[in-house]
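Enquirer: Okay, predicted coordinates and the sequence, questions at the end:
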Amino acid sequence: MTRRVVALAIGSLLALAACVFPQSATNTPAPSGASSGLGGQRGSGGDLKIVYWQAPATLNAHRATGLKDTDPSRLVLEPLASLGKDGQVIANGLAAAIPTVANGGIAKDFTTVTWKLRQGVKWSDGTAFSADDVVFTYRYQCDPATGATTFGRCDGVQSVASPDPSTVVVTYRSPHPFVYQWGVGTGGAILQRDQYRSCVGTNAGDCPADKRPIGTGPFKVRDFRPGDVVTFDANDNFRDPNKPFFRSVTWKAGSDPEAAARAAFQAGDIDYAWNLQVDATTLRNMAQNSQSANLVTVFGSSVERLELNFANPDPALGDNRAEPDTKHPFFTDKAVRRALAMATNRDGIAERLFGKDLFGRATCNVLAAPDSISSPNTKGFDVCRFDLSAANDELERAGWTKGADGVRAKGGVKLKVLFQTNVNARRENIQLVLKKDWESVGFQVDLRSESFTSFFTNTSPGGANRFWADVQLYADGGDPDPTAYLSHWASEQRASRSNNWLLANRARYSNKDFDAMLGQLRTEVDPGKRAQIAVQANDLLVQDVAAIPLVQRSAVISGVGKSLKGVDPSPWDSEMYNVADWTK
């Protein structure tokens, strides 16, 4: 999956791994709102050339279906605040400062957060921005009929109100340590009320403003040709008179990753090339021999992982198939889960299929980032070591014996695994690697792959939501605050027919100890204690083999022109979150 548009965000943490070949092309960004003094006059930098090989369909981040939409939108539409690469909330958006308990912006019971807005901000059409626009955005985004892809940000929010034109108060229904959930990062784009007032609810589906939103960001839309190119001009009404440095932006789309890589590293005729999913050896060679661009990779929280079904997916059960009250015929035996984990070669997968620290690196943590919640303990867990002999011994001790066909069985139940993922060369190669090793210890493994659109849906029998298989593979990740992501294993979140398979716990995992930890995490406000609880919850999931983490994936892998300064990509926000600070 892509980094989720519905991702929520908070921050306190993370010493992030960022690898740059051959040298760093990044500088620490200056918050947009006070000039760094480095860029010179507005528009003096000419045209900024950006290539995203996936074409945007909208410039409204609340209608986005991926980064291809949210990133160009960020040039125009701003949130209240952004998330930097360390997970910290930074005041480079519409908020004058970040609210905290210490400054009185966050209530001591964590039910309200008060945002003070920047003074004198104008929309690109010259009209005044005010708190009314923020309140309107809440009405738009959090109306279920709008169908906003960022609707997840509304979870737990009771209201967003404006006591005066420069103040916004977000109120949560209950104590909410995750106070920066609404209005921050990729899902926090603030819309102009006057432009969007007729696009709320069922009218949102056909709104011309989505192609040409009026924003407060550093650029404004000049022309949008869906599937081809978007051109932007510097916003003459942007709040910092010296920004943006660039006169215009040409946002080219519809190429492919290798062509984009060649344009950045060989031809040198673009400034920024996004998501370079190219053969690892080829990409490394291009970058290391390039005179024009650097390769920038940033690791985030997204983990390629195996999900084990704790319910029974037997089609003979009819409407009760894989319902939470059923039991899997062999994954209810922890020894079987442990053996499967020990027969999983994550190091080999990371090295051969993810370019070893390029597209991903091996991990046995469900919570791979930030560092403060990434457990150091899992390195010592036996279920995290690839050991086929130990896997065989585990199954033997548990009474699972091999038959003439090499498949283990016990009590008439065979270890026959249906293993599904979406159509994707890398994932299908992972399936082949795992099938070989798993079958060597006595599992029978049948592989299935579904199209992307069929797999990531609740309507398809072969999809991840219904999970009518034994094991499935995909990538997912959370935010600097792990609460929402850990809910994927909460008993109350088990997917079922009754909830249309829309809840997050697709594995139907249930563990009272884990639920108790998650309950603590939802109410604990001390950052240190929250980190401890998160590590404990991670360790429980790994040791209980509720999931088998494989690879921590790169959140950013882009080609950045060597003359381009100020680029400081964040795994928690849009790669364009600080584009106002870019210079040459």
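Expert: That came through fine.
Enquirer: End to end on stretch 564-584, go ahead and measure it.
Expert: 5 Å (Cα to Cα, to the nearest Å).
Enquirer: Might you calculate how far that stretch sits from the centre of the chain?
Expert: Averaging C-alpha positions (Cα atoms, centre = their mean, to the nearest Å) puts stretch 564-584 17 Å from its chain's average.
Enquirer: Now do it, average pLDDT.
Expert: Stretch 564-584 shows a mean pLDDT of 96 in the predicted model.
Enquirer: And stretch 120-129, by the same measure?
Expert: 99.
Enquirer: Could you list the buried residues of that stretch?
Expert: By neighbour count on 16 or more other Cβ atoms under 10 Å, the buried set for stretch 120-129 is 121, 123-124, 129. For glycine as for every other residue, the C-beta is placed from the backbone atoms N, C-alpha and C.
Enquirer: so which of these comes closest to residue 424?
Expert: residue 124 (39.1 Å; Cβ to Cβ).
Enquirer: From residue 250, how far out is the closest one?
Expert: 18 Å (Cβ to Cβ, to the nearest Å).
Enquirer: what's the answer for residue 62, then?
Expert: 25 Å.
Enquirer: the more surrounded of the two?
Expert: Each of residue 62 and residue 250 has its neighbours counted (other Cβ atoms under 10 Å); residue 62 has more, 28 against 17.
Enquirer: Please name the nearest non-neighbouring residue to the more buried one.
Expert: residue 148 (4.3 Å; Cβ to Cβ, 6 or more residues apart in numbering).
Enquirer: Next up, the contacts around residue 342.
Expert: The contact partners of residue 342, taken as Cβ atoms under 8 Å, 6 or more residues apart in numbering, are 382-383, 385-388, 390-391, 394.
Enquirer: Once you drop chain neighbours, what's closest to it?
Expert: The spatial neighbour of residue 342 that comes closest, neighbours along the chain excluded (Cβ to Cβ, 6+ apart), is residue 391 at 4.1 Å.
Enquirer: That neighbour - that's part of a helix, no?
Expert: Yes. Assessed with DSSP: H, G, I helix; E, B strand; the rest coil, residue 391 lies in a helix.
Enquirer: and it, how many residues sit next to it?
Expert: If we define neighbours as other Cβ under 10 Å, then residue 391 has 25 of them.
Enquirer: right, and it touches residue 343 too?
Expert: Yes. Contact status for residue 391 versus residue 343: in contact at 4.2 Å, counting by Cβ atoms under 8 Å.
Enquirer: Helix, strand, or coil at the spatially most distant residue from the centre of the chain?
Expert: Within the chain, the residue lying farthest from the chain centre (Cα atoms, centre = their mean) is residue 404, at 45.4 Å. Following three-state DSSP, we place residue 404 in the coil state.
Enquirer: Tell me where this structure is predicted with low confidence.
Expert: 1-39 (pLDDT under 70).
Enquirer: hey, what's residue 157 bridged with?
Expert: residue 172 (DSSP bridges).
Enquirer: And for residue 449?
Expert: Here residue 449 shows beta-bridge partners residue 421, assigned using DSSP bridges.
Enquirer: burial count for it?
Expert: 17.
Enquirer: That one and residue 421 touch, don't they?
Expert: Yes. Using Cβ under 8 Å, residue 449 is in contact with residue 421, at 5.6 Å.
Enquirer: what touches both of the two?
Expert: Contact with both residue 449 and residue 421 is made by residues 427-428, 431, 455, according to Cβ under 8 Å, 6+ apart.
Enquirer: Out of these, give me the two with the largest separation.
Expert: Longest span within the shared contacts of residue 449 and residue 421, Cβ to Cβ: 431 and 455, 13.0 Å.
Enquirer: Looking at these two now, which is surrounded by more residues?
Expert: Set side by side, residue 431 and residue 455 show more neighbours around residue 455, with 23 against 20, by other Cβ under 10 Å.
Enquirer: wait, isn't that one in contact with residue 422?
Expert: Yes. Applying Cβ under 8 Å, one finds residue 455 in contact with residue 422, separated by 3.7 Å.
Enquirer: any residues in contact with both of these two?
Expert: Contacts common to residue 455 and residue 422, judged by Cβ under 8 Å, 6+ apart, are 449, 464, 474.
Enquirer: sorry, back to before: what separates the residue farthest from the centre of the chain from residue 416, distance-wise?
Expert: 15 Å.
Enquirer: Quickly list the domain ranges of this structure.
Expert: Following automatic domain parsing, one gets these domains for the chain: 31-292+562-581, 300-555.
Enquirer: Spit out the contact partners of residue 338.
Expert: Here residue 338 is in contact with 382-383, 391, 394, 545 (criterion: Cβ under 8 Å, 6+ apart).
Enquirer: try it again with 10 Å
Expert: 381-383, 390-391, 394-395, 398, 543-545 (Cβ atoms under 10 Å, 6 or more residues apart in numbering).
Enquirer: Report the beta-bridge partners for residue 52.
Expert: residue 253.
Enquirer: give the contact list for the closest residue to residue 440 other than its chain neighbours.
Expert: Excluding the flanking residues, the one nearest residue 440 by Cβ to Cβ, 6+ apart is residue 388, at 6.1 Å. Contact partners of residue 388, counting by Cβ under 10 Å, 6+ apart, are 339, 342-343, 345, 437-438, 440-441.
Enquirer: ok, back up a step: ok, of the contacts of residue 338, which come out buried?
Expert: By 16+ other Cβ under 10 Å, the contacts of residue 338 give 381, 383, 390-391, 394-395, 398, 543-545 as buried.
Enquirer: Residue 177: which element?
Expert: If you go by DSSP states H and E, residue 177 is not part of any helix or strand.
Enquirer: ok, so what distance separates it from residue 478?
Expert: 14 Å.
Enquirer: in whichever strand or helix holds residue 539, what's buried?
Expert: Counting by DSSP H and E, the element that carries residue 539 is helix 527-543. Judged by neighbour count using 16+ other Cβ under 10 Å, the buried positions of helix 527-543 are 530-543.
Enquirer: JSON lines for these, including distance to residue 163?
Expert: Listed next are the buried residues of helix 527-543 as JSON lines, based on distance: Cβ to Cβ, whole Å:
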{"residue": "530", "distance to residue 163": "30"}
{"residue": "531", "distance to residue 163": "34"}
{"residue": "532", "distance to residue 163": "37"}
{"residue": "533", "distance to residue 163": "35"}
{"residue": "534", "distance to residue 163": "35"}
{"residue": "535", "distance to residue 163": "39"}
{"residue": "536", "distance to residue 163": "40"}
{"residue": "537", "distance to residue 163": "38"}
{"residue": "538", "distance to residue 163": "40"}
{"residue": "539", "distance to residue 163": "44"}
{"residue": "540", "distance to residue 163": "43"}
{"residue": "541", "distance to residue 163": "43"}
{"residue": "542", "distance to residue 163": "46"}
{"residue": "543", "distance to residue 163": "49"}
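Enquirer: farthest-separated two in those?
Expert: 530 and 543, at 20.6 Å, using Cβ to Cβ across those.
Enquirer: if you skip the residues just before and after it, what's nearest to residue 130?
Expert: Per Cβ to Cβ, 6+ apart, closest to residue 130 is residue 165, 4.4 Å.
Enquirer: Could you tell me how many residues sit around that neighbour?
Expert: The burial count for residue 165: 14, using other Cβ under 10 Å.
Enquirer: same question, residue 184
Expert: 29.
Enquirer: Residue 100 now?
Expert: 12.
Enquirer: got a list of what it touches?
Expert: Contacts of residue 100 by Cβ under 10 Å, 6+ apart are 89, 106, 113, 179.
Enquirer: Isn't residue 472 up against residue 430?
Expert: No. Applying Cβ atoms under 10 Å, one finds residue 472 not in contact with residue 430, separated by 11.6 Å.
Enquirer: Show me whatever sits in contact with both of the two.
Expert: Common neighbours of residue 472 and residue 430 (Cβ under 10 Å, 6+ apart) are 306, 419, 421.
Enquirer: Would you agree the first one is in contact with residue 433?
Expert: If I follow you right, that is residue 306. No. Between residue 306 and residue 433 there is no contact under Cβ under 10 Å: 11.9 Å.
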